[in-house]
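In: For reference, the sequence and a predicted model appear below.
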Amino acid sequence: MKGMQELVDIYVKPASAPVTVIGGVSTKETVVPASERKIVFNGLESLLSFHKESFLPSLERAYTSLESATDKDGEASMNAALAVARVFVSHAAFMRMYSTYIK
């Protein structure tokens, strides 16, 4: 997640900044036109938002019970694995966002 946030902070936000012409007047144009930003950064901010606000917290909740368990018989591990699997299944529709980002 840190890498995605850095990508947004270092590249996406500055590329979205309005162009300032001589005299300090801002225009409607941005440093990188919206059509070009879409090609390069397609959906990155949406992916980061989904990851930060939904997917990652769900994964963290799924395994927290394992942190305090003694797990001698492996039942806590099995329950945590099932909980993590349920998170992936429940967010399956959003997983395509990652494949677009990876490409």
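Out: Received the coordinates, thanks.
In: which ones are touching V89?
Out: Listed by Cβ atoms under 8 Å, 6 or more residues apart in numbering, V89 has no contact partners. Yep, even glycine has a C-beta here, placed from its N, CA and C like the rest.
In: In what element of secondary structure is it found?
Out: helix 75-90 (DSSP states H and E).
In: Show me what counts as buried in that helix.
Out: 76, 79-80, 83-84, 87 (16 or more other Cβ atoms under 10 Å).
In: Now for V32, how many residues are close by?
Out: Counted by other Cβ atoms under 10 Å, the residues lying close to V32 total 19.
In: who's in contact with the residue nearest to it when sequence neighbours are not counted?
Out: Closest residue to V32 apart from its sequence neighbours, by Cβ to Cβ, 6 or more residues apart in numbering: A15 at 3.8 Å. A15 is in contact with 30-32, 37, 41, counting by Cβ under 8 Å, 6+ apart.
In: try F88
Out: M95 are the contacts of F88 under Cβ under 8 Å, 6+ apart.
In: how far away is it from L82?
Out: F88 is 11 Å from L82, where distance means Cβ to Cβ, to the nearest Å.
In: What strand or helix carries D73?
Out: Residue-wise, D73 maps onto no helix or strand under DSSP H and E.
In: Can you pull the phi/psi pair for it?
Out: For D73, the backbone dihedrals (degrees, to the nearest 10) come out as phi -100, psi 0.
In: Count the residues that sit near it.
Out: 8.
In: Out of the buried residues of helix 75-90, which is nearest to R96?
Out: Closest approach to R96 among those (Cβ to Cβ): V87, at 16.2 Å.
In: Narrow the contacts of A15 to those that are buried.
Out: Counted by 16+ other Cβ under 10 Å, the contacts of A15 give 32, 37, 41 as buried.
In: pLDDT at G24, what is it?
Out: Confidence at G24, expressed as pLDDT, is 65.
In: and if you look at the one 3 residues further on?
Out: What the model reports for T27 is a pLDDT of 70.
In: Give the burial count for it, as a bare number.
Out: Around T27 there are 9 residues (other Cβ under 10 Å).
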